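Q: Structure of the sequence below:
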Amino acid sequence: MSALMPLPPLPRHESTGAALDLIFIEGLTIPTVIGIHHSELHDPQPVRVDLAAGLPRSGACDSDRIGDTIDYSVLRERLHRLFAEHQVQLLEALAEEIARITVCEFGAHWVRVALAKPRKFDDLQAVGVAIERRADDFNGAASRARAPARVLSLIGEGMVPGKK
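A: Below you'll find the model as predicted:
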């Protein structure tokens, strides 16, 4: 992993204590409009993403099936969509949303997200933020994210002819 995300010992599962398997994306650079200064609010600038997501002993180790792990190509596509659609100004808020997506949409138990604006200033390589989150940090968010689908399901019950 890069200097932006030094890897300490592997994170541990919160209840079993077993080391988590990591799936990572390193050096993904996506242009986006983000920042608080006038010069940042109109033109996209590159933002580098380094992400590590932990799963307890990935089922793919035994099954050799992509459905038993996080498909990093699908996660990459999701990050591209987020960077095109987000409405946040701060890297911290964008990192939090990436962490939420990785946990709530992709099933990670732990995630570390580092975002950097490379060459933001002439006298340094990058500025940025790094956060770590666990699934427990999003329990309320995960249930709220599923709530609208359940409400729509309840509303739609009985509206299909021939179904009760």
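Q: Can you pull the phi/psi pair for residue 43?
A: phi -100, psi 140 (degrees, to the nearest 10).
Q: in terms of contact, does it touch residue 33 like I think?
A: Yes. Using CB atoms under 8 Å, residue 43 is in contact with residue 33, at 7.1 Å. In this view, the C-beta of every residue, glycine as well, is placed from N, C-alpha and C.
Q: and these two? which has more neighbours close in?
A: Comparing residue 43 with residue 33 by other CB atoms under 10 Å, the one with more neighbours is residue 33, at 16 against 8.
Q: How many neighbouring residues does the residue nearest to the more buried one when sequence neighbours are not counted have?
A: Excluding the flanking residues, the one nearest residue 33 by CB to CB, 6 or more residues apart in numbering is residue 44, at 5.4 Å. Neighbour count of residue 44, defined by other CB under 10 Å: 13.
Q: same question, residue 65
A: 9.
Q: Residue 96 touches residue 131, doesn't it?
A: Yes. Assessed by CB under 8 Å, residue 96 is found in contact with residue 131 at 6.7 Å.
Q: buried sites along the helix or strand in which residue 114 is found?
A: Following DSSP states H and E, one finds residue 114 within strand 110-118. The neighbour-count check on strand 110-118 (16 or more other CB atoms under 10 Å) flags 110, 111, 112, 113, 114, 115, 116, 117 as buried.
Q: Apart from its chain neighbours, what residue comes closest to the residue most central in space within the chain?
A: Centroid-nearest residue in the chain, with CA atoms, centre = their mean: residue 98, separated by 3.0 Å. Leaving aside its sequence neighbours, residue 98 sits nearest to residue 113 (CB to CB, 6+ apart; 4.8 Å).
Q: show me what contacts that neighbour?
A: 49, 50, 51, 95, 98, 99, 102, 130, 131, 132, 133 (CB atoms under 8 Å, 6 or more residues apart in numbering).
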